[in-house]
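1. Fold the following, please.
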Amino acid sequence: MAIPFLDCAGHRARVSFPHVSNRTGNRPALLAAGFALTLAATYGPAVSAAEDPPAPADLSLPPASPVDAMPAPADAAEFKRLYEAGDYPAAVLQGRAILAEAERRKPVDAEELQVALMNLGLVQRLAGDYVDAEATYERVIDLLEKSGRLTNPRLARAYAGLALTYYAGRRYDLAVPGFEHAIALSRRTEGLFNEDQLPLLDKQADALTELDRTSDALQAHHYALRLVERRYGEKSLRYAAELVALGRWYTRVHAYDSARFTLRRAAELIEAIEGPDSLELIGPLTAAADNARRWLGDPKALAEVNDDERQFLYHEPATPSLPSLSPGMIQSEGLRSLERAVEIVDANPDAPPGRVAAVRVQLGDLNQIRLAPDRALPLYQQAWQVAAGVTEGGQPLRQLLFGAPLLLYYAAPDGWSRYAARPAEEAERRNVELEVTVNEKGRVSESRVVNDAGDPYLGERTLRAAESARYRPRFVDGQPVATTGVRFVQPFYVLREQSTDAHAADEPVAPAAPPPEDPASQSVKEPPPPQGGG
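-> I've put the predicted structure just below:
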(Lines give C-alpha, C1' and ligand atoms only; values in the text may rest on other atoms or scores of the structure.)
Protein backbone atom coordinates (compact mmCIF):
# COMPACT_ATOMS: atom_id res chain seq x y z
CA MET A 1 0.00 0.00 0.00
CA ALA A 2 1.28 3.47 -0.82
CA ILE A 3 0.91 6.67 1.15
CA PRO A 4 -1.25 9.00 -0.95
CA PHE A 5 0.57 12.21 -1.74
CA LEU A 6 -2.16 14.72 -1.01
CA ASP A 7 -0.65 18.02 -1.94
CA CYS A 8 -1.76 21.50 -0.98
CA ALA A 9 -5.52 21.88 -1.48
CA GLY A 10 -6.54 25.50 -1.07
CA HIS A 11 -9.38 25.86 1.39
CA ARG A 12 -9.78 29.34 2.82
CA ALA A 13 -10.64 30.03 6.44
CA ARG A 14 -11.10 33.52 7.89
CA VAL A 15 -9.30 32.73 11.14
CA SER A 16 -6.14 34.32 12.49
CA PHE A 17 -3.50 32.33 14.30
CA PRO A 18 -1.60 33.96 17.12
CA HIS A 19 2.00 33.61 16.06
CA VAL A 20 3.97 32.68 13.00
CA SER A 21 7.63 33.22 12.31
CA ASN A 22 8.53 35.16 9.22
CA ARG A 23 10.41 32.36 7.58
CA THR A 24 10.04 33.74 4.10
CA GLY A 25 11.62 36.96 5.29
CA ASN A 26 14.70 34.98 6.37
CA ARG A 27 15.07 33.30 3.01
CA PRO A 28 17.48 34.53 0.34
CA ALA A 29 16.02 37.17 -1.93
CA LEU A 30 12.91 35.71 -3.54
CA LEU A 31 13.00 35.35 -7.29
CA ALA A 32 10.64 37.86 -8.88
CA ALA A 33 10.40 35.92 -12.12
CA GLY A 34 6.65 36.19 -12.53
CA PHE A 35 3.53 34.55 -11.20
CA ALA A 36 3.41 30.76 -11.32
CA LEU A 37 2.64 27.89 -8.99
CA THR A 38 2.63 24.13 -9.20
CA LEU A 39 -0.23 22.81 -7.15
CA ALA A 40 -2.00 19.91 -8.74
CA ALA A 41 -5.32 20.76 -7.12
CA THR A 42 -6.01 24.01 -5.35
CA TYR A 43 -9.65 23.41 -4.58
CA GLY A 44 -9.69 19.70 -3.90
CA PRO A 45 -7.59 16.60 -3.20
CA ALA A 46 -4.72 15.64 -5.41
CA VAL A 47 -3.01 12.25 -5.54
CA SER A 48 0.22 11.94 -7.45
CA ALA A 49 1.25 8.40 -8.24
CA ALA A 50 4.77 9.57 -8.99
CA GLU A 51 5.11 10.73 -5.40
CA ASP A 52 3.98 7.47 -3.76
CA PRO A 53 6.81 5.90 -1.76
CA PRO A 54 6.37 2.51 -0.11
CA ALA A 55 4.20 2.64 2.99
CA PRO A 56 5.51 1.47 6.36
CA ALA A 57 4.48 -2.01 7.37
CA ASP A 58 3.49 -1.05 10.92
CA LEU A 59 1.52 2.18 11.21
CA SER A 60 0.42 1.98 14.84
CA LEU A 61 0.81 4.96 17.12
CA PRO A 62 3.91 4.93 19.33
CA PRO A 63 3.05 4.06 22.97
CA ALA A 64 4.55 7.30 24.31
CA SER A 65 2.58 9.63 22.00
CA PRO A 66 1.70 12.71 24.13
CA VAL A 67 -0.91 14.11 21.75
CA ASP A 68 -3.37 11.33 20.95
CA ALA A 69 -5.39 9.82 23.76
CA MET A 70 -7.31 7.53 21.40
CA PRO A 71 -4.79 5.74 19.16
CA ALA A 72 -6.10 4.21 15.96
CA PRO A 73 -4.42 2.16 13.27
CA ALA A 74 -2.40 4.60 11.23
CA ASP A 75 -3.24 2.96 7.94
CA ALA A 76 -2.46 5.00 4.83
CA ALA A 77 -5.79 4.01 3.30
CA GLU A 78 -7.58 5.21 6.44
CA PHE A 79 -5.72 8.52 6.23
CA LYS A 80 -6.87 8.96 2.65
CA ARG A 81 -10.44 8.01 3.57
CA LEU A 82 -10.57 10.56 6.39
CA TYR A 83 -9.10 13.21 4.13
CA GLU A 84 -11.60 12.60 1.37
CA ALA A 85 -14.45 12.57 3.90
CA GLY A 86 -13.35 15.99 5.16
CA ASP A 87 -12.64 14.70 8.69
CA TYR A 88 -9.42 16.65 8.95
CA PRO A 89 -8.90 16.48 12.74
CA ALA A 90 -9.02 12.68 12.58
CA ALA A 91 -6.77 12.74 9.52
CA VAL A 92 -4.26 14.76 11.55
CA LEU A 93 -4.09 11.92 14.10
CA GLN A 94 -3.46 9.40 11.34
CA GLY A 95 -0.91 11.69 9.69
CA ARG A 96 1.03 12.08 12.93
CA ALA A 97 1.12 8.36 13.41
CA ILE A 98 2.35 7.77 9.86
CA LEU A 99 5.03 10.39 10.42
CA ALA A 100 6.08 8.80 13.72
CA GLU A 101 6.47 5.43 12.03
CA ALA A 102 8.52 6.98 9.22
CA GLU A 103 10.82 8.58 11.81
CA ARG A 104 11.31 5.25 13.67
CA ARG A 105 12.57 3.42 10.61
CA LYS A 106 16.33 2.85 10.54
CA PRO A 107 17.66 4.09 8.27
CA VAL A 108 15.09 6.82 7.72
CA ASP A 109 13.71 6.85 4.18
CA ALA A 110 13.99 10.51 3.16
CA GLU A 111 11.29 10.20 0.51
CA GLU A 112 8.86 8.55 2.89
CA LEU A 113 9.51 11.18 5.56
CA GLN A 114 8.96 14.07 3.17
CA VAL A 115 5.66 12.67 1.92
CA ALA A 116 4.46 12.05 5.48
CA LEU A 117 5.29 15.65 6.40
CA MET A 118 3.57 17.06 3.31
CA ASN A 119 0.41 15.08 4.04
CA LEU A 120 0.41 16.08 7.68
CA GLY A 121 0.91 19.77 6.88
CA LEU A 122 -2.02 19.62 4.46
CA VAL A 123 -4.53 18.20 6.91
CA GLN A 124 -3.28 20.40 9.75
CA ARG A 125 -4.00 23.44 7.61
CA LEU A 126 -7.42 22.17 6.57
CA ALA A 127 -8.21 21.46 10.22
CA GLY A 128 -7.39 25.09 11.04
CA ASP A 129 -4.24 24.27 13.00
CA TYR A 130 -2.12 26.89 11.27
CA VAL A 131 0.69 27.05 13.82
CA ASP A 132 1.41 23.32 13.59
CA ALA A 133 0.95 23.37 9.81
CA GLU A 134 3.53 26.13 9.55
CA ALA A 135 6.02 24.13 11.63
CA THR A 136 5.42 21.01 9.53
CA TYR A 137 5.97 22.80 6.22
CA GLU A 138 9.06 24.52 7.68
CA ARG A 139 10.47 21.14 8.52
CA VAL A 140 9.95 19.59 5.10
CA ILE A 141 11.41 22.72 3.45
CA ASP A 142 14.52 22.37 5.61
CA LEU A 143 14.87 18.71 4.67
CA LEU A 144 14.55 19.43 0.96
CA GLU A 145 16.92 22.38 0.98
CA LYS A 146 19.56 20.57 3.02
CA SER A 147 19.39 17.71 0.53
CA GLY A 148 20.46 20.12 -2.19
CA ARG A 149 17.47 19.18 -4.38
CA LEU A 150 16.37 22.74 -5.08
CA THR A 151 14.80 21.71 -8.39
CA ASN A 152 12.60 19.08 -6.74
CA PRO A 153 8.97 20.01 -7.58
CA ARG A 154 8.06 19.06 -4.01
CA LEU A 155 9.99 22.08 -2.73
CA ALA A 156 7.72 24.40 -4.70
CA ARG A 157 4.69 22.56 -3.33
CA ALA A 158 6.03 22.85 0.22
CA TYR A 159 6.49 26.60 -0.14
CA ALA A 160 3.02 26.78 -1.65
CA GLY A 161 1.61 24.86 1.30
CA LEU A 162 3.31 27.25 3.70
CA ALA A 163 1.95 30.25 1.76
CA LEU A 164 -1.55 28.78 1.78
CA THR A 165 -1.26 28.30 5.53
CA TYR A 166 -0.47 31.98 5.98
CA TYR A 167 -3.22 32.86 3.51
CA ALA A 168 -5.80 30.78 5.35
CA GLY A 169 -4.83 32.52 8.58
CA ARG A 170 -5.08 35.93 6.90
CA ARG A 171 -1.33 36.53 7.23
CA TYR A 172 -1.14 38.02 3.76
CA ASP A 173 2.16 39.75 4.48
CA LEU A 174 3.76 36.32 4.85
CA ALA A 175 1.68 34.59 2.19
CA VAL A 176 2.80 36.86 -0.64
CA PRO A 177 6.57 36.15 -0.41
CA GLY A 178 5.79 32.48 0.11
CA PHE A 179 3.79 32.41 -3.10
CA GLU A 180 6.51 34.29 -4.94
CA HIS A 181 9.16 31.78 -3.86
CA ALA A 182 7.01 28.82 -4.83
CA ILE A 183 6.25 30.51 -8.14
CA ALA A 184 9.90 31.02 -8.98
CA LEU A 185 10.73 27.41 -8.12
CA SER A 186 7.81 26.12 -10.17
CA ARG A 187 8.74 28.12 -13.21
CA ARG A 188 12.30 26.85 -12.95
CA THR A 189 11.21 23.20 -12.91
CA GLU A 190 7.94 23.15 -14.86
CA GLY A 191 8.32 26.00 -17.34
CA LEU A 192 7.23 29.61 -17.48
CA PHE A 193 3.65 28.87 -18.51
CA ASN A 194 2.80 25.61 -16.77
CA GLU A 195 -0.94 25.42 -16.19
CA ASP A 196 -0.77 24.07 -12.64
CA GLN A 197 -0.14 27.57 -11.35
CA LEU A 198 -3.57 28.90 -12.41
CA PRO A 199 -5.66 27.81 -9.39
CA LEU A 200 -3.49 29.76 -6.98
CA LEU A 201 -3.02 32.91 -9.04
CA ASP A 202 -6.39 34.06 -7.75
CA LYS A 203 -5.19 33.62 -4.17
CA GLN A 204 -1.98 35.43 -4.98
CA ALA A 205 -3.96 38.36 -6.39
CA ASP A 206 -6.31 38.27 -3.42
CA ALA A 207 -3.46 38.42 -0.91
CA LEU A 208 -1.87 41.30 -2.79
CA THR A 209 -5.18 43.14 -2.86
CA GLU A 210 -5.56 42.70 0.88
CA LEU A 211 -2.18 44.39 1.24
CA ASP A 212 -3.30 47.28 -1.02
CA ARG A 213 -0.81 46.17 -3.66
CA THR A 214 -3.45 46.46 -6.35
CA SER A 215 -1.04 47.06 -9.23
CA ASP A 216 0.77 43.82 -8.41
CA ALA A 217 -2.57 42.03 -8.08
CA LEU A 218 -3.57 43.28 -11.53
CA GLN A 219 -0.26 41.98 -12.87
CA ALA A 220 -1.11 38.54 -11.46
CA HIS A 221 -4.49 38.55 -13.24
CA HIS A 222 -2.84 39.67 -16.48
CA TYR A 223 -0.32 36.86 -16.20
CA ALA A 224 -3.16 34.36 -15.80
CA LEU A 225 -4.84 35.76 -18.91
CA ARG A 226 -1.62 35.48 -20.87
CA LEU A 227 -1.08 31.91 -19.72
CA VAL A 228 -4.61 30.87 -20.67
CA GLU A 229 -4.31 32.60 -24.03
CA ARG A 230 -1.12 30.68 -24.82
CA ARG A 231 -2.65 27.36 -23.75
CA TYR A 232 -6.25 27.62 -24.97
CA GLY A 233 -6.39 30.66 -27.23
CA GLU A 234 -8.13 34.00 -26.91
CA LYS A 235 -11.35 32.57 -28.35
CA SER A 236 -11.91 29.88 -25.71
CA LEU A 237 -14.28 29.35 -22.79
CA ARG A 238 -11.27 29.08 -20.50
CA TYR A 239 -10.16 32.55 -21.55
CA ALA A 240 -13.67 33.87 -20.95
CA ALA A 241 -13.64 32.41 -17.43
CA GLU A 242 -10.38 34.23 -16.72
CA LEU A 243 -11.95 37.46 -17.96
CA VAL A 244 -14.81 36.94 -15.49
CA ALA A 245 -12.30 36.54 -12.64
CA LEU A 246 -10.61 39.76 -13.71
CA GLY A 247 -13.96 41.55 -13.97
CA ARG A 248 -14.93 40.52 -10.44
CA TRP A 249 -11.58 41.78 -9.18
CA TYR A 250 -12.14 45.14 -10.88
CA THR A 251 -15.45 45.40 -9.04
CA ARG A 252 -13.73 44.63 -5.76
CA VAL A 253 -11.26 47.51 -6.20
CA HIS A 254 -14.01 49.95 -7.32
CA ALA A 255 -12.92 49.98 -10.99
CA TYR A 256 -16.54 49.65 -12.10
CA ASP A 257 -16.08 50.89 -15.68
CA SER A 258 -13.26 48.43 -16.26
CA ALA A 259 -15.33 45.64 -14.72
CA ARG A 260 -18.30 46.51 -16.94
CA PHE A 261 -16.20 46.36 -20.09
CA THR A 262 -14.31 43.19 -19.12
CA LEU A 263 -17.46 41.28 -18.18
CA ARG A 264 -19.13 42.38 -21.41
CA ARG A 265 -16.17 40.98 -23.35
CA ALA A 266 -16.51 37.68 -21.50
CA ALA A 267 -20.25 37.44 -22.21
CA GLU A 268 -19.81 38.24 -25.90
CA LEU A 269 -17.06 35.64 -26.23
CA ILE A 270 -19.15 32.91 -24.57
CA GLU A 271 -22.16 33.74 -26.71
CA ALA A 272 -20.04 33.58 -29.87
CA ILE A 273 -18.73 30.14 -28.89
CA GLU A 274 -21.78 28.46 -27.38
CA GLY A 275 -24.80 30.56 -28.28
CA PRO A 276 -27.15 32.83 -26.32
CA ASP A 277 -28.50 30.11 -23.99
CA SER A 278 -25.18 28.80 -22.68
CA LEU A 279 -25.01 28.21 -18.95
CA GLU A 280 -21.49 29.62 -19.10
CA LEU A 281 -23.10 33.05 -19.49
CA ILE A 282 -24.33 32.90 -15.89
CA GLY A 283 -20.87 33.84 -14.60
CA PRO A 284 -20.42 37.15 -16.44
CA LEU A 285 -24.12 38.06 -16.15
CA THR A 286 -24.27 37.68 -12.38
CA ALA A 287 -20.88 39.38 -12.03
CA ALA A 288 -22.15 42.30 -14.12
CA ALA A 289 -25.21 42.60 -11.90
CA ASP A 290 -23.05 42.60 -8.79
CA ASN A 291 -20.84 45.27 -10.35
CA ALA A 292 -23.90 47.44 -11.02
CA ARG A 293 -25.17 46.98 -7.46
CA ARG A 294 -21.86 47.95 -5.92
CA TRP A 295 -21.48 50.85 -8.33
CA LEU A 296 -24.84 52.23 -7.27
CA GLY A 297 -23.75 51.91 -3.64
CA ASP A 298 -20.56 53.95 -4.16
CA PRO A 299 -21.56 57.64 -4.05
CA LYS A 300 -18.27 59.01 -5.35
CA ALA A 301 -18.13 56.62 -8.29
CA LEU A 302 -21.78 57.25 -9.01
CA ALA A 303 -21.22 61.01 -9.08
CA GLU A 304 -18.70 60.55 -11.88
CA VAL A 305 -20.71 58.35 -14.24
CA ASN A 306 -21.90 61.33 -16.28
CA ASP A 307 -18.56 63.13 -16.21
CA ASP A 308 -17.29 63.52 -19.77
CA GLU A 309 -13.74 63.39 -18.42
CA ARG A 310 -14.18 60.13 -16.53
CA GLN A 311 -11.33 57.67 -16.95
CA PHE A 312 -10.94 53.98 -16.36
CA LEU A 313 -9.33 53.39 -12.98
CA TYR A 314 -7.19 50.68 -14.61
CA HIS A 315 -7.19 51.79 -18.22
CA GLU A 316 -6.18 49.22 -20.79
CA PRO A 317 -5.10 50.17 -24.34
CA ALA A 318 -7.74 47.86 -25.84
CA THR A 319 -10.53 49.36 -23.78
CA PRO A 320 -12.79 51.62 -25.89
CA SER A 321 -14.57 54.63 -24.45
CA LEU A 322 -18.05 53.66 -23.33
CA PRO A 323 -21.03 56.00 -23.64
CA SER A 324 -22.02 58.18 -20.73
CA LEU A 325 -24.08 56.46 -18.08
CA SER A 326 -26.68 57.45 -15.57
CA PRO A 327 -27.64 55.75 -12.30
CA GLY A 328 -30.82 54.60 -13.96
CA MET A 329 -28.88 53.01 -16.82
CA ILE A 330 -26.54 51.23 -14.42
CA GLN A 331 -29.48 49.86 -12.47
CA SER A 332 -31.26 48.83 -15.66
CA GLU A 333 -28.19 46.99 -16.94
CA GLY A 334 -27.85 45.10 -13.67
CA LEU A 335 -31.51 44.13 -13.69
CA ARG A 336 -31.42 42.99 -17.33
CA SER A 337 -28.31 40.90 -16.65
CA LEU A 338 -30.04 39.01 -13.84
CA GLU A 339 -33.29 38.59 -15.75
CA ARG A 340 -31.36 37.11 -18.65
CA ALA A 341 -29.51 34.77 -16.28
CA VAL A 342 -32.86 33.54 -14.95
CA GLU A 343 -34.11 32.97 -18.52
CA ILE A 344 -31.00 30.92 -19.29
CA VAL A 345 -31.35 28.61 -16.28
CA ASP A 346 -35.06 28.20 -17.06
CA ALA A 347 -34.14 27.18 -20.61
CA ASN A 348 -31.63 24.58 -19.35
CA PRO A 349 -33.33 21.76 -17.39
CA ASP A 350 -29.90 20.32 -16.60
CA ALA A 351 -28.71 23.51 -14.88
CA PRO A 352 -27.09 22.72 -11.51
CA PRO A 353 -29.59 23.40 -8.69
CA GLY A 354 -27.07 25.48 -6.77
CA ARG A 355 -26.60 27.79 -9.73
CA VAL A 356 -30.34 28.08 -10.31
CA ALA A 357 -30.92 28.99 -6.66
CA ALA A 358 -28.09 31.52 -6.65
CA VAL A 359 -29.39 33.33 -9.73
CA ARG A 360 -32.91 33.61 -8.33
CA VAL A 361 -31.63 34.78 -4.97
CA GLN A 362 -29.50 37.46 -6.59
CA LEU A 363 -32.47 38.76 -8.61
CA GLY A 364 -34.57 38.65 -5.45
CA ASP A 365 -31.93 40.67 -3.62
CA LEU A 366 -31.97 43.32 -6.32
CA ASN A 367 -35.74 43.67 -6.01
CA GLN A 368 -35.38 43.79 -2.24
CA ILE A 369 -32.91 46.65 -2.54
CA ARG A 370 -35.34 48.44 -4.89
CA LEU A 371 -38.05 48.23 -2.20
CA ALA A 372 -40.04 45.66 -4.15
CA PRO A 373 -40.36 42.80 -1.61
CA ASP A 374 -43.47 41.45 -3.33
CA ARG A 375 -41.36 40.81 -6.44
CA ALA A 376 -38.49 39.41 -4.40
CA LEU A 377 -40.61 36.90 -2.45
CA PRO A 378 -41.50 34.48 -5.29
CA LEU A 379 -37.87 34.46 -6.42
CA TYR A 380 -36.70 33.62 -2.90
CA GLN A 381 -39.33 30.88 -2.61
CA GLN A 382 -38.28 29.36 -5.93
CA ALA A 383 -34.69 29.38 -4.73
CA TRP A 384 -35.77 27.73 -1.48
CA GLN A 385 -37.42 24.90 -3.41
CA VAL A 386 -34.50 24.39 -5.77
CA ALA A 387 -31.99 24.37 -2.90
CA ALA A 388 -33.63 21.39 -1.19
CA GLY A 389 -31.02 18.73 -0.50
CA VAL A 390 -28.18 20.78 -2.02
CA THR A 391 -25.01 21.39 -0.01
CA GLU A 392 -22.19 23.91 -0.46
CA GLY A 393 -18.97 23.41 1.44
CA GLY A 394 -20.61 20.69 3.52
CA GLN A 395 -23.50 22.93 4.63
CA PRO A 396 -27.12 22.88 3.44
CA LEU A 397 -27.62 25.51 0.76
CA ARG A 398 -30.94 26.54 2.29
CA GLN A 399 -29.17 27.36 5.52
CA LEU A 400 -26.48 29.34 3.75
CA LEU A 401 -28.99 31.38 1.76
CA PHE A 402 -31.86 31.78 4.21
CA GLY A 403 -30.63 30.73 7.64
CA ALA A 404 -30.27 34.31 8.92
CA PRO A 405 -31.10 37.82 7.72
CA LEU A 406 -28.50 39.15 5.29
CA LEU A 407 -27.83 42.89 5.06
CA LEU A 408 -28.14 43.98 1.41
CA TYR A 409 -28.22 47.76 1.58
CA TYR A 410 -27.63 50.45 4.17
CA ALA A 411 -27.15 54.23 3.96
CA ALA A 412 -24.44 54.93 6.53
CA PRO A 413 -24.51 58.12 8.63
CA ASP A 414 -22.90 61.08 6.89
CA GLY A 415 -19.29 61.61 7.87
CA TRP A 416 -18.79 58.29 9.63
CA SER A 417 -15.41 57.72 7.93
CA ARG A 418 -14.33 61.38 7.73
CA TYR A 419 -11.22 60.78 9.85
CA ALA A 420 -10.49 57.20 8.79
CA ALA A 421 -7.26 58.17 7.02
CA ARG A 422 -5.86 60.08 10.00
CA PRO A 423 -2.95 58.54 11.94
CA ALA A 424 -3.90 56.41 14.92
CA GLU A 425 -2.57 59.00 17.35
CA GLU A 426 -5.00 61.58 15.93
CA ALA A 427 -8.17 59.57 15.35
CA GLU A 428 -9.78 56.46 16.76
CA ARG A 429 -12.46 54.07 15.65
CA ARG A 430 -15.56 53.63 17.81
CA ASN A 431 -18.12 50.93 17.14
CA VAL A 432 -21.78 51.59 17.89
CA GLU A 433 -23.71 48.36 18.32
CA LEU A 434 -27.45 47.91 17.86
CA GLU A 435 -29.77 44.99 18.34
CA VAL A 436 -32.50 45.03 15.71
CA THR A 437 -35.53 43.05 14.63
CA VAL A 438 -35.72 42.28 10.92
CA ASN A 439 -39.30 41.65 9.82
CA GLU A 440 -40.53 39.30 7.12
CA LYS A 441 -40.29 42.12 4.55
CA GLY A 442 -36.58 42.50 5.25
CA ARG A 443 -36.86 45.89 7.00
CA VAL A 444 -35.84 46.93 10.50
CA SER A 445 -39.01 47.10 12.61
CA GLU A 446 -37.42 47.56 16.04
CA SER A 447 -33.96 48.60 17.21
CA ARG A 448 -32.15 49.50 20.39
CA VAL A 449 -28.65 50.66 21.23
CA VAL A 450 -26.55 48.02 22.97
CA ASN A 451 -23.34 50.05 23.00
CA ASP A 452 -23.13 53.73 22.02
CA ALA A 453 -19.30 53.78 22.16
CA GLY A 454 -19.44 56.37 24.91
CA ASP A 455 -21.36 58.93 22.87
CA PRO A 456 -25.20 58.90 22.91
CA TYR A 457 -25.25 61.13 19.84
CA LEU A 458 -23.50 58.43 17.79
CA GLY A 459 -26.09 55.94 19.01
CA GLU A 460 -28.93 58.19 17.90
CA ARG A 461 -27.40 58.65 14.46
CA THR A 462 -26.97 54.92 14.04
CA LEU A 463 -30.58 54.28 15.06
CA ARG A 464 -31.81 56.71 12.40
CA ALA A 465 -29.52 55.26 9.74
CA ALA A 466 -30.57 51.68 10.54
CA GLU A 467 -34.04 52.52 9.28
CA SER A 468 -32.62 52.50 5.74
CA ALA A 469 -31.33 48.92 6.01
CA ARG A 470 -32.72 46.31 3.65
CA TYR A 471 -32.21 42.63 4.35
CA ARG A 472 -32.84 39.30 2.74
CA PRO A 473 -35.12 37.90 5.43
CA ARG A 474 -34.70 34.57 7.19
CA PHE A 475 -36.91 31.77 5.88
CA VAL A 476 -38.56 28.90 7.72
CA ASP A 477 -40.44 26.22 5.76
CA GLY A 478 -40.27 28.33 2.64
CA GLN A 479 -41.73 31.47 4.21
CA PRO A 480 -40.03 34.67 5.40
CA VAL A 481 -40.16 35.23 9.14
CA ALA A 482 -39.22 38.00 11.54
CA THR A 483 -35.90 37.63 13.35
CA THR A 484 -35.10 39.30 16.66
CA GLY A 485 -31.71 39.98 18.20
CA VAL A 486 -29.86 40.72 14.93
CA ARG A 487 -26.52 42.38 15.69
CA PHE A 488 -25.77 45.59 13.80
CA VAL A 489 -22.45 47.43 14.12
CA GLN A 490 -21.68 50.89 12.74
CA PRO A 491 -18.11 52.21 13.05
CA PHE A 492 -17.33 55.91 13.48
CA TYR A 493 -13.90 57.50 13.15
CA VAL A 494 -13.53 60.46 15.50
CA LEU A 495 -10.68 62.72 16.51
CA ARG A 496 -9.13 61.84 19.82
CA GLU A 497 -10.30 64.14 22.64
CA GLN A 498 -12.43 65.96 20.07
CA SER A 499 -15.18 63.44 19.49
CA THR A 500 -17.74 66.24 19.52
CA ASP A 501 -16.55 67.06 15.99
CA ALA A 502 -18.50 64.01 14.89
CA HIS A 503 -21.68 65.83 15.87
CA ALA A 504 -21.03 68.46 13.25
CA ALA A 505 -20.35 66.02 10.44
CA ASP A 506 -22.59 67.15 7.65
CA GLU A 507 -20.58 66.30 4.57
CA PRO A 508 -21.85 63.14 2.79
CA VAL A 509 -19.24 60.41 2.92
CA ALA A 510 -19.37 57.03 1.20
CA PRO A 511 -20.05 53.93 3.35
CA ALA A 512 -16.62 52.78 2.20
CA ALA A 513 -13.71 55.07 1.43
CA PRO A 514 -13.28 55.37 -2.36
CA PRO A 515 -9.95 54.43 -3.92
CA PRO A 516 -7.41 57.14 -4.70
CA GLU A 517 -6.38 58.19 -8.21
CA ASP A 518 -3.49 55.72 -8.06
CA PRO A 519 -4.57 52.62 -6.12
CA ALA A 520 -1.00 51.42 -5.85
CA SER A 521 -0.17 54.49 -3.75
CA GLN A 522 -2.87 53.84 -1.14
CA SER A 523 -1.24 53.48 2.27
CA VAL A 524 -4.27 53.45 4.54
CA LYS A 525 -6.68 50.51 4.56
CA GLU A 526 -10.25 51.24 3.58
CA PRO A 527 -12.38 51.41 6.74
CA PRO A 528 -14.61 48.40 7.34
CA PRO A 529 -18.27 48.80 6.35
CA PRO A 530 -21.18 48.51 8.76
CA GLN A 531 -22.08 44.97 9.79
CA GLY A 532 -25.47 43.43 10.30
CA GLY A 533 -27.22 40.15 9.85
CA GLY A 534 -25.89 36.71 9.15
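2. Show me this structure divided up by domain.
-> As recorded under automatic domain parsing, the domains making up the chain are 1-211, 406-517+527-532.
3. Mind telling me which of these the model trusts least?
-> Mean pLDDT across those is lowest at domain 1-211; the value there is a mean of 70.
4. What segments of the stretch 251-400 of the chain are helices?
-> For the stretch 251-400 of the chain, the helices defined by DSSP state H, counting those that start in this stretch cover 256-274, 282-296, 299-303, 327-347, 353-369, 373-386, 397-402.
5. So which of those helices is nearest residue 92?
-> helix 397-402 (26.3 Å; CB to CB). For glycine as for every other residue, the C-beta is placed from the backbone atoms N, C-alpha and C.
6. packing partners for that closest one?
-> With contacts defined as 3 or more CB pairs under 8 Å, 6 or more residues apart in numbering; DSSP states H and E, helix 397-402 has these neighbours: helix 353-369, helix 373-386, strand 474-476.
7. most tightly surrounded among the ones you listed?
-> Of all the helices and strands packed on helix 397-402, helix 353-369 has the most neighbours on average by mean count of other CB atoms under 10 Å, namely a mean of 23.
8. what is the rounded mean pLDDT of it?
-> For helix 353-369, mean pLDDT rounds to 92.
9. Quick one: residues in contact with that helix.
-> Applying CB atoms under 8 Å, 6 or more residues apart in numbering, the contact partners of helix 353-369 are 279, 282, 286, 289-290, 293, 334-335, 338-339, 341-342, 345, 373, 375-377, 379-380, 382-384, 386-387, 390, 392, 397, 401, 408-409, 442, 470-472.
10. okay, the angle between that helix and helix 327-347?
-> Relative orientation of helix 353-369 versus helix 327-347 (axes from the mean of the first three to the mean of the last three CA atoms, to 10 degrees): 150 degrees.
11. mind checking how far helix 353-369 is from the chain centre?
-> 20 Å (CA atoms, centre = their mean, to the nearest Å).
12. for stretch 399-411, same thing?
-> A distance of 18 Å separates the centroid of the chain from that of stretch 399-411, by CA atoms, centre = their mean.
13. buried residues in it?
-> 400-402, 404-411 (16 or more other CB atoms under 10 Å).
14. All the strands of this protein, residue numbers only.
-> 391-392, 395-396, 406-409, 427-438, 444-451, 470-472, 474-476, 479-481, 483-495, 531-532 (DSSP state E).
15. Pairing partners for the longest one, with directions?
-> What that stands for is strand 483-495. strand 427-438 (antiparallel), strand 531-532 (antiparallel) (DSSP bridges).
16. now for those, which one comes closest to residue 246?
-> Between residue 246 and the strands paired with strand 483-495, the shortest gap by CB to CB is with strand 531-532, which sits at 28.3 Å.
17. wait, what's in contact with the residue lying closest to residue 144 once chain neighbours are set aside?
-> Nearest non-adjacent residue to residue 144, counting by CB to CB, 6 or more residues apart in numbering: residue 155, 4.6 Å away. When contacts are counted by CB under 8 Å, 6+ apart, residue 155 touches 141, 144-145, 149, 185.
18. Whichever of these count as buried, I'd like them selected in ChimeraX; how would that read?
-> Only the buried entries of the contacts of residue 155 go into this ChimeraX selection, using 16+ other CB under 10 Å:
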select :141,144,185
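19. got the contacts of residue 155 as a markdown table, with distance to residue 195 columns?
-> Shown next, in a markdown table, are those (distance: CB to CB, whole Å):
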| residue | distance to residue 195 |
| --- | --- |
| 141 | 24 |
| 144 | 23 |
| 145 | 26 |
| 149 | 24 |
| 185 | 16 |
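20. Just the closest of the contacts of residue 155 to residue 228, please.
-> Taking CB to CB as the measure, residue 228 sits nearest to residue 185 out of these, at 21.7 Å.
21. Isn't that closest one up against residue 158?
-> No. Using CB atoms under 8 Å, residue 185 makes no contact with residue 158, being 9.3 Å away.
22. Neighbours of the nearest residue to residue 274 once chain neighbours are set aside, how many?
-> In this structure, residue 274 finds its nearest non-sequential neighbour in residue 280, 6.0 Å apart by CB to CB, 6+ apart. Residues lying near residue 280 (other CB atoms under 10 Å) number 20.
23. so who does residue 280 touch?
-> 237, 240-241, 270, 274.
24. between these, which is closest to residue 174?
-> So of the contacts of residue 280, ranked by how close each gets to residue 174 (CB to CB), first place is residue 241, at 29.2 Å.
25. isn't the closest one right up against residue 284?
-> No. If you go by CB under 8 Å, residue 241 and residue 284 don't touch, sitting 9.2 Å apart.
26. between the two, who's got more neighbours?
-> Here residue 241 and residue 284 are compared on neighbour count by other CB under 10 Å; more neighbours surround residue 284, at 28 against 18.
27. Mind pulling up the pLDDT for that one?
-> In this prediction, residue 284 carries a pLDDT score of 96.
28. Does it touch residue 270 like I think?
-> Yes. The pair residue 284 and residue 270 passes the contact test of CB under 8 Å, sitting 6.9 Å apart.
29. Could you tell me which residues touch both of these two?
-> Taking CB under 8 Å, 6+ apart as the criterion, residue 284 and residue 270 both touch residue 240.
30. on that earlier part again, of the strands of the chain, which is nearest residue 100?
-> Closest among the strands of the chain, using CB to CB: strand 395-396, at 33.9 Å.
31. could you give the mean pLDDT of the closest one?
-> The model assigns strand 395-396 a mean pLDDT of 90.
32. Within its sheet, name the partner strands of that strand and how each one runs.
-> Assessed with DSSP bridges, strand 395-396 is paired to strand 391-392 (antiparallel).
33. can you list the strands paired with strand 483-495 in TSV and add mean neighbour count?
-> Rendered in TSV, the data for the strands paired with strand 483-495 read as follows (neighbours: other CB atoms under 10 Å):
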stretch	mean neighbour count
strand 427-438	20
strand 531-532	18
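34. Out of these, the one nearest residue 99 is which?
-> strand 531-532 (41.4 Å).
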